[in-house]
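# sequence first, then the predicted structure:
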Amino acid sequence: MTDSASLLDPPVNDPAVTEEHVAEVAGAVWDSFLGLPLQLSPDHPEPATGGMSGVVTISGAWRGAVVLQCPAAHAVEAAEAMFAAEPGSLSPAEIADALGELTNMVGGNLKNLLPEPTSLSIPSVSGGGDSQVFVPAARPVLEVPLQSGTHLVRVTLWQS
Amino acid sequence: MRILIVDDSKAMRMIVTRTLRQAGFADHDFAEAVDGVTALASIATEQPDLVLCDWNMPEMNGIELLRALRAAGNQVRFGFVTSESTPAMRNTADENGAMFLIAKPFTAETFSQALAGVLV
């Protein structure tokens, strides 16, 4: 079987996920599939509320979840880039699909850095109102604020 | 040649198709399936030349699809396109008859390299 190396090589003998890992993983996804910049946010604002959220859970040798949060406007922007769609043309389901896939890619690549064997869930997406995301029986162990243009994108690693 | 793209994300199916065209494979025919169950039926009727398949999907995931194909004696060319690319998963893919595993995120060059010699 031909190996196609990932754009992101996991660190050797270091299963811990760091802020830099998250920024590199998410930045590569935003660059490759959205053509948008994404980098660590220097201001580290308070946890985001509202907007849209994507969640994937990880189970097995390591248990927890990866949560991706962003303003609804950025979810739309990202979805329009993924679908190569005209502005305002996508349905809520298509926007949710795009955010779910972004969450899947960020979560899947972070999963590659964690102890094995593990499995990744299908992503779930929610949004609207002033909601926060909580993962039952887990605690946030890493919260990484990122910025794409004027939009805050937050990736949180929860561990059970 | 006919290429079947299997992924539960509509956005990702579009990205894979777009990337295949960018990688120089625009002359081939593309079909889509949303999960392993749909893909299994489509492969039986449409007989694609290559299957590009996500790993993590509802109903029937990619490795379950590949195992079902091989158990039925179907040797269709098969490759994974997935964000999960640990050495263990690559070994599992190889052991079950996958020709390659392309990790997400990918570029057109990634596809060109992986599919060189597969699509002629």
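That came through fine.

# show me what contacts B:Leu65?
By C-beta atoms under 8 Å, 6 or more residues apart in numbering or on different chains, the residues touching B:Leu65 are B:Val6, B:Gly36, B:Ala39, B:Leu40, B:Cys53. No exception for glycine: its C-beta is placed from N, CA and C like everyone else's.

# doesn't it belong to a strand?
No. Assigned with DSSP: H, G, I helix; E, B strand; the rest coil, B:Leu65 falls outside any strand and is helix.

# list buried residues within the contacts of B:Leu65.
B:Val6, B:Gly36, B:Ala39, B:Leu40, B:Cys53 (16 or more other C-beta atoms under 10 Å in any protein chain shown).

# who's in contact with the fourth one?
What that stands for is B:Leu40. B:Leu40 makes contact with B:Met60, B:Leu65, B:Ala68, B:Leu69, according to C-beta under 8 Å, 6+ apart.

# pLDDT weak spots in the chain?
Since you didn't name a chain, this refers to chain A. A:2-15, A:44-50, A:128-131 (pLDDT under 70).

# actually chain B
Along chain B, the parts satisfying pLDDT under 70 run over B:120.

# ok, which stretches of it are helices?
B:10-20, B:36-46, B:62-71, B:87-95, B:108-115 (DSSP state H).

# the shortest one packs against which elements?
Just to be clear, that refers to helix B:108-115. On a contact count with 3 or more C-beta pairs under 8 Å, 6 or more residues apart in numbering or on different chains; DSSP states H and E, helix B:108-115 meets strand A:2-4, helix B:10-20, strand B:100-103.

# in it, what counts as buried?
Buried residues in helix B:108-115, counted by 16+ other C-beta under 10 Å: B:Thr110, B:Phe111, B:Ser112, B:Ala114, B:Leu115.

# tell me what angle it forms with helix B:10-20.
Going by axes from the mean of the first three to the mean of the last three C-alpha atoms, to 10 degrees, helix B:108-115 is angled at 80 degrees with respect to helix B:10-20.

# looking at the buried residues of helix B:108-115, which is nearest chain A?
Lowest distance from chain A to these (C-beta to the nearest C-beta) belongs to B:Ala114, with 4.6 Å.

# do a quick rundown of the helices in chain A.
Using DSSP H, helices in chain A cover A:19-29, A:72-83, A:92-111.

# okay but A:Phe33 is in contact with A:Ala81, surely?
Yes. Between A:Phe33 and A:Ala81 there is a contact at 7.3 Å, judged by C-beta atoms under 8 Å.
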